[in-house]
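K.L.:
Here you go, sequence then predicted model.
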Amino acid sequence: MNADYAGLFRALLPETHLVVGALLVLTIDMIWARHRPANRHHVALLLGIIALLTAGYAAITSGASGHIYGGMLKLDQLAIATRTAVIVLAALALALLPDSRRMNHPAEFTAILLFATTGFTLMAAANNLLVAFLALELASLSLYVLAGFDKTSPESAEAGLKYFLFGGMAAAFLLFGFSLLYGLTGSLGLEQIATQLVMQGQSPLLVVALVMVLVAFGFKAAAAPFHLWAPDVYQGAPAPAAALIASASKLAGLVLFTRLLWPGLGSAVGTIAHVPVTVGWAPVVALLSGASLLLGNIGALAQTNVRRLLAYSAIAHAGALLLGVIAAGRIGVGPLFYYAATYGLATVGAFGVIAALESAGPVHQLTDLAGLHKRSPLLAGCLAVFILSLAGIPPLAGFFGKFSVFASVLQLGGLAGPVGWLVILAIALSAVALYYYLLILKQALVAAPVADATPVRVTDPAAIALLLAASLIVALGLWPSAVLELF
Amino acid sequence: MSLPVQHLWLIPALPLAAAAVGALTPRSGRTLAAGAAIATMAGAFLLACLALGGALDFPAAHQVLNFAWFDLGATSLRLGLLLDPLTAFMCVMVTFVSLLIFIFSTGYMKADANAKQFFCFLSLFAAAMLGLIIANSLLLLFVCWELVGLASYLLIGFWFHKPAAAAAAKKAFITTRIGDLGFLLGLLWLQDAQGTLLFYDGGHGILESAALANLTHLLPCGLAASTAIGLLIFCGAIGKSGQFPLHVWLPDAMEGPTPVSALIHAATMVAAGVFLIARVYPLMAADQLLANVPVHALTVVAFIGAITALMGALIAVAQNDIKRILAFSTVSQLGYMMLAIGVGSWVAAIFHLLTHAFFKALLFLGAGSVIHAAHHEQDIRRLGGLRPKMKVTFATFAIGMMALSGVPFLFSGFWSKEAILHAAHGWEVSSLPFYAAVLGVVLTAFYMTRLVAEVFYGAPRSDEASHAHENSPAMTVPLVILAACSILFSLLAWPSPWLQHQLDPSAHSESGDMSLVLPSIVLVALGLGAGWAYYGRRPRTKAESPDPLDRYAPGLMAALANRLGFDELYAATVGRLSSGFATLAAFLEVFVWDGAVRFLAGLGELSGLVSRENDEAGFNAGFDAGSKTLRDTGVAYSKAQTGDAHGYLRTLALGFVLLLILVILGGAR
Amino acid sequence: MSPLQLCLILSSLLFCVGLVGALARSNTILVLLGIELMLNAANLNFIAFWRYGPHPAAGTGVIFVLFTIAVAAAEAAVGIALVIAVHRHRKSVRLQEAASLKG
Amino acid sequence: MILALIIIALVILGASAAAMLSRNLIHSALLLVVAWAGIAAFYLWAGAEFVAFAQALIYVGAVSMIVLFAVLLTRQGATAAPVEFDSWRRAVLGLMVAGGVMGVMFGAIMGSPLDGRIASPTPTITVKQLGLLLMGPYAPALLIVGVLLTVALLGAIVIAAVDKSEETP
């Protein structure tokens, strides 16, 4: 094979922008901004946003060119949409960067965030086990660092370490699973694996490999019982890092694993539409989904910490997203992508509100949100949009994400089928979910502020990011076709 | 001149614009917000009248405007607008009643600092309600349905400084959402079965015969598919229209400002459930021709309606809060409407819905006028003697009361109730609902007489009552208009059933049959007479003196006053489960030594337990105690989160092993 | 038992030895090293499958192992840095000391 | 051939198991060096010389050094760092879970049809071939791993370094 470096470069243009941008941020910080502490943070933020914007432009305009470089990467509609979405989510998260007083190394933070985004965009396009693993590790390593970035806080370090250990072990399982897949099929390309698997059928080692891959998937998507890291990390990590972990990382992980499971392991899907189920990954995913829905929604009720509540809600949403993964093979990835992307927007937004509040004082308990409507109407209004979207209230995007995912799942066997029960479970639990979402809203919109509460000043970038996220949620809720018709 | 369906969207768009104006004006801009709300509502009313004209030109036709909205897999999801007489009559009613309530609010909310926000929410609410009415797609209807719920959450909790208001708002929202879960499931099922959610689509809509024929197959449980879907959708209506057993939110919702009570709990929001069932009536009735099914959807509707009608009337007899009496009366009247649909006469239901909207809005606004005049005193035992002080309010309230009681001939309520009784009488399946309805008629006349006698007759029994005086014209004029409508509306029904013909031209005329008129006059007279005998003849002198009925049946009255203990029942059942579950969780925590093992062991137990928990919760949660239960469960769950990283890693490895074993076992089967 | 199966059993055993280390030792550095051993076990698989696979000339397994060695080294560096960061706050490398986040 | 494999396997497993059980962190690190060397020997046995070289260089040479640094940086006392088994419960649970993993994997390996696989006669792959592969078909992976190492370097430094502001509390 003669190497098509030019084609590779064209395909990797967004990643190039991101990496060059990251290096530029570091360089300019080192030679110029470091000596101007007042501007250091702004310079890093500005350069980071510019890098993300140019990368986003490159991602949108790259065009669906199919297989790149002998099938190492695949640029289809899904890859392009995911790249764009993770870049947007990363930009929104970056806008939440705390100011210099509370963040010691803004340039390094920005650069690592850009590297993490590079990992996400590569995950979106990976079509080969090696590329997938490396992209995943690139993103994960960056996120471990970001989670532990706040050196003044013991919680941040602990969050980083726990995330690292859990993720490291999940990566070990994933790698072992990949090695078995390689051994069984003799190749790393997803298409070749698929053809080989069809030819040789099931074997116990294949099942082991499948479950190992799903362990890593469960970790990435924060699905029960591989969710345990999530509440701790959401609580301890700096707000932009938590926002990134909850949104872009989840989206990229879902897309990567959906690509892995459907085209790659599609023949090993098994069935769940009829009893008895047959061996394959779909019953496992259904199990994870059910467990996540139950645990996330009910666990959230016990939370008094805002961030932990969001984490449990993330676990619950992971359950619904996994339903979308099951349906993706038959219906297409549209509903799944729409759900994951809009969920990401709402989560980044919610963390953004928390981040903005944290600049005025610590935010631990739900009651720290009390009287937000008095302290900052902007934050309260945006928070209402995000929370109501998470709760799935129409006409916000969260509702149509759920609707389209559920509707597509039902096409697999109706309400009476095994997956149908999961849909019923998900819908029944959404009443429970409404309760804890209303707890947040009640504090923010109804409760009176504490006596010494001061108005919250929101920095301009954060305000723009929050308004952008809120209006995107409203707009995508009213015109879902803008996203769904891409696929 | 008439409004074609293409421009129907203008009707909700106008109040929506007013809501936007209200949202964007500063807090001081209350005049602007109120003006915008009233002006747009007046415009919407005119448009609705034009739409009515357009609809009546072709009463048998369903004029639709459908458009593609987004693609879902291979099928494209389409939404649409619908104009038929049902839509048009509802539009006129909602816009007209809303307009009057908006005007009334300018007086009622004069002193409130957040009045601007209030008008913004009211406009939003009206826009959502109108959107619901004109929708030609079950999905669009559901979206507006949820928006209505959201707006009512904001409005009930408007006086959020009252903890009771905040709690009531949450209870209303969550309770109605529980019904909506069934609605959503039915909706998804329909989408799955039919590939569309449009009501009418040139022969392909879900309410047209081709599609309905698809749903006549029997499910494994013995029900026809259409029955199951219909009942799921009916769950939504049960929640929204305060039907038994999800009625508990409606009386609590009286914590909101009185115009809200009038708008939501009389005219519009609660009517949405009845409207929904009337709209999907062909679907509900699709199983009527099947003989081998255990139950028909409409039968369930009829019995739920009858139970609600009787129960609401019974409880209303023993309430002492003026707004709660009216609230339970609303519950009862909504039961009548459901009963009418259930026995096959959705036209009678809509007729009653329309007449009820006017006189119930009148009664609520009258109550608001009383409350406003008496400085927010709502206990009828502490009112009294208001007749000479508030002549207009009294006169209009009395008209409303007579309409609700069904005083013959002159008042619209008589005719609509007559139609319902007639339909129930002719139902072949069972005569029980008819007798429940008959008993309800007596009770309605009785408790309304009690209400009027306690509030307006006798001597004032508190300082607030003795210092009351008539309100400003902004509040009394809408009362007069509504009172006039309550009387004039009877012209639509009598002497010829014009309205019925317009709504459903295919229905054969049955209102000419006057066989039930005489018995029902007797029933009403009985109720009125009994009420007057107990409460009017010798009015109570002190607020503390016992209720006359207490002497005869103290136990019954206490139970009724306690609203038949529904809240307590829910609290007890859910609470019992809760404590049992907490015990189990504590057991697991103590005796199973490790977080990971505890978690996984718990998961097995829980999947059994929690699904039972959720069956209960689907019925009960969101009521006063339900939330606590689930929260205890959550606490048990999050105990697994020990903070120990070793436990996390162990769970990961153990999860791998268990999943693998499950998959292999699953394959061996 | 074929040599390939012997290799796979070796790698599985190494995987589980690493797992024991990660699950049983309270010293965070040892937990980290346990995870490193698990990654190494996967590498053994790649080489064994390459050796006994259909296309050894393509060198796929070998290439993969080269990359994972690099990744594992990077993971070790980040992991050790995080251990040091936690040590700075808690003055301890015992993993169960880092348990303030829970619930 | 098989005998050599078994000896290598015993070395790897023995050294790693001892490392995971040792009470002394320094001993653990040194035993792991032996295990890594054993793994390198396995690569040599399989005919992947370059990977064996890389394994020796990176693990035996570099990773073990990082570990030793970490041990020195974080140990409390002046003497070698003894690590006690703080809880038998933890150890027993860990062993049980790992035993479960081993059980299912052993079953899967024995149950899979792998007997048909025969070692290719000359499975050597030259460094030049590897270089061509890296710059040819695997160039994207090489690019990614470059970025990944940059992140690891930058991240490790930022996280581990002591900030100036922290020195003067």
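P.N.:
Yes, it's here.
K.L.:
Now for A:Ser471, how many residues are close by?
P.N.:
12 (other C-beta atoms under 10 Å in any protein chain shown). In this view, the C-beta of every residue, glycine as well, is placed from N, C-alpha and C.
K.L.:
quick check: domain ranges of chain D?
P.N.:
Per the record, chain D has its domains at D:2-78+D:123-162, D:87-122, by automatic domain parsing.
K.L.:
can you point me to the longest helix in the chain?
P.N.:
I'll assume chain A. Of all the elements of type helix in chain A, the one with the most residues (DSSP state H) is helix A:154-185.
K.L.:
wrong one, chain D
P.N.:
helix D:88-111.
K.L.:
Check what contacts the helix or strand following that helix and list those residues.
P.N.:
With elements assigned by DSSP states H and E, the helix or strand that comes after helix D:88-111 is helix D:127-135. The contact list for helix D:127-135, computed with C-beta atoms under 8 Å, 6 or more residues apart in numbering or on different chains, reads A:3, C:59, C:62-63, C:66, D:50, D:142.
K.L.:
Then stretch A:346-353?
P.N.:
Contacts for stretch A:346-353 (C-beta under 8 Å, 6+ apart): A:89, A:92-93, A:95-96, A:239-240, A:242-244, A:246-247, A:307, A:310, A:314, A:372, A:379, A:382-383, A:385-387, A:389-390, A:397-398, A:462, A:465-466, A:469-470, A:473.
K.L.:
do the same with stretch A:215-222
P.N.:
Applying C-beta under 8 Å, 6+ apart, the external contacts of stretch A:215-222 come out as A:136, A:166-167, A:170-171, A:173-174, A:177, A:223-227, A:229-230, A:249-250, A:253-254, A:256-257, A:261, A:288, A:292, A:311, A:314-315, A:318, A:321-322, B:652, B:655-656, B:659.
K.L.:
ok, and of these, which contact chain C?
P.N.:
When the contacts of stretch A:215-222 are checked against chain C using C-beta under 8 Å from any C-beta of the partner chain, the ones in range are A:171, A:173.
K.L.:
my read: D:Phe50 touches C:Ile63, true?
P.N.:
No: the pair D:Phe50 / C:Ile63 is not scored as a contact, 10.2 Å apart, by C-beta atoms under 8 Å.
K.L.:
Low-confidence regions, chain D specifically.
P.N.:
Low-confidence segments of chain D, defined by pLDDT under 70, span residues D:74-86, D:115-123, D:164-169.
K.L.:
now check the helix or strand following the longest helix of chain A, is it near chain B?
P.N.:
Counting by DSSP H and E, the next helix or strand C-terminal to helix A:154-185 is helix A:190-200. No: using C-beta under 8 Å from any C-beta, helix A:190-200 never reaches chain B; the gap is at least 15.7 Å.
K.L.:
Mind telling me which residue is nearest the centre of chain C?
P.N.:
Centrality entry for chain C: nearest residue to the mean C-alpha point is C:Glu36, 2.5 Å, by C-alpha atoms, centre = their mean.
K.L.:
Compare D:Phe50 and C:Ile63 (neighbour count), which wins?
P.N.:
Ranked by neighbour count (other C-beta under 10 Å), D:Phe50 and C:Ile63 place C:Ile63 first, with 23 against 19.
K.L.:
That one: helix or strand, and which one exactly?
P.N.:
helix C:60-90.
K.L.:
what helices or strands is the helix or strand where C:Leu23 lies leaning on?
P.N.:
Taking DSSP H and E as the criterion, C:Leu23 maps to helix C:3-24. Applying 3 or more C-beta pairs under 8 Å, 6 or more residues apart in numbering or on different chains; DSSP states H and E, one finds that helix C:3-24 contacts helix A:154-185, helix B:645-668, helix C:28-52, helix D:2-21, helix D:88-111.
K.L.:
quick check: mean pLDDT across that helix?
P.N.:
Averaged over helix C:3-24, pLDDT sits at 91.
K.L.:
ok now it, how far from the chain's centre?
P.N.:
Distance of helix C:3-24 from its chain centroid, counting by C-alpha atoms, centre = their mean, to the nearest Å, is 10 Å.
K.L.:
do the same with stretch A:22-36
P.N.:
So, by C-alpha atoms, centre = their mean, the centroid of stretch A:22-36 is 29 Å from its chain's centroid.
K.L.:
Equivalent analysis for stretch B:291-302, please.
P.N.:
The mean C-alpha position of stretch B:291-302 is separated from the chain mean by 23 Å, C-alpha atoms, centre = their mean.
K.L.:
Report the buried residues of that stretch.
P.N.:
Neighbour counts over stretch B:291-302 (16 or more other C-beta atoms under 10 Å in any protein chain shown) mark B:293, B:296-302 as buried.
K.L.:
Quick one: end-to-end length of that stretch, please.
P.N.:
18 Å (C-alpha to C-alpha, to the nearest Å).
K.L.:
do the same with stretch B:334-348
P.N.:
Termini of stretch B:334-348 sit 12 Å apart (C-alpha to C-alpha).
K.L.:
Show the subsequent helix or strand relative to whichever strand or helix holds A:Ala209.
P.N.:
Assigned by DSSP H and E, A:Ala209 falls within helix A:204-221. Next helix or strand after helix A:204-221 toward the C-terminus (DSSP H and E): helix A:229-236.
K.L.:
can you tell me the average pLDDT over that following helix?
P.N.:
Helix A:229-236 comes out at a mean pLDDT of 92.
K.L.:
That helix near chain B anywhere?
P.N.:
Yes: counting by C-beta under 8 Å from any C-beta, chain B has neighbours in helix A:229-236: A:229, A:231-232.
K.L.:
tell me what that helix is packed against?
P.N.:
Contacting helix A:229-236 under the criterion 3+ C-beta pairs under 8 Å, 6+ apart are the following elements: helix A:154-185, helix A:239-246, helix A:306-331.
K.L.:
ok, for residue 208, nearest residue in space, not its chain neighbours?
P.N.:
Here I'm looking at chain A. Distances taken as C-beta to C-beta, 6 or more residues apart in numbering or on different chains put D:Ala108 closest to A:Val208, at 4.6 Å, once the chain neighbours are dropped.
K.L.:
right idea, wrong chain: chain B
P.N.:
Leaving out its chain neighbours, the residue that sits closest to B:Glu208 by C-beta to C-beta, 6+ apart is B:Tyr200, at 6.3 Å.
K.L.:
Give the helix, strand or coil label for that neighbour.
P.N.:
coil (DSSP: H, G, I helix; E, B strand; the rest coil).
K.L.:
Quick check: it vs chain C, distance?
P.N.:
The gap separating B:Tyr200 from chain C is 53 Å, by C-beta to the nearest C-beta, to the nearest Å.
K.L.:
Which residues are in contact with that residue?
P.N.:
Contacts of B:Tyr200 (C-beta under 8 Å, 6+ apart): B:62, B:64, B:82, B:136, B:207-208.
K.L.:
In ChimeraX, select just the buried ones from the residues you listed.
P.N.:
In ChimeraX syntax, the buried subset of these is picked out as below (16+ other C-beta under 10 Å):
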select /B:62,64,82,136,207,208
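K.L.:
Between the contacts of B:Tyr200, which sits nearest chain C?
P.N.:
B:Asn136 (48.8 Å; C-beta to the nearest C-beta).
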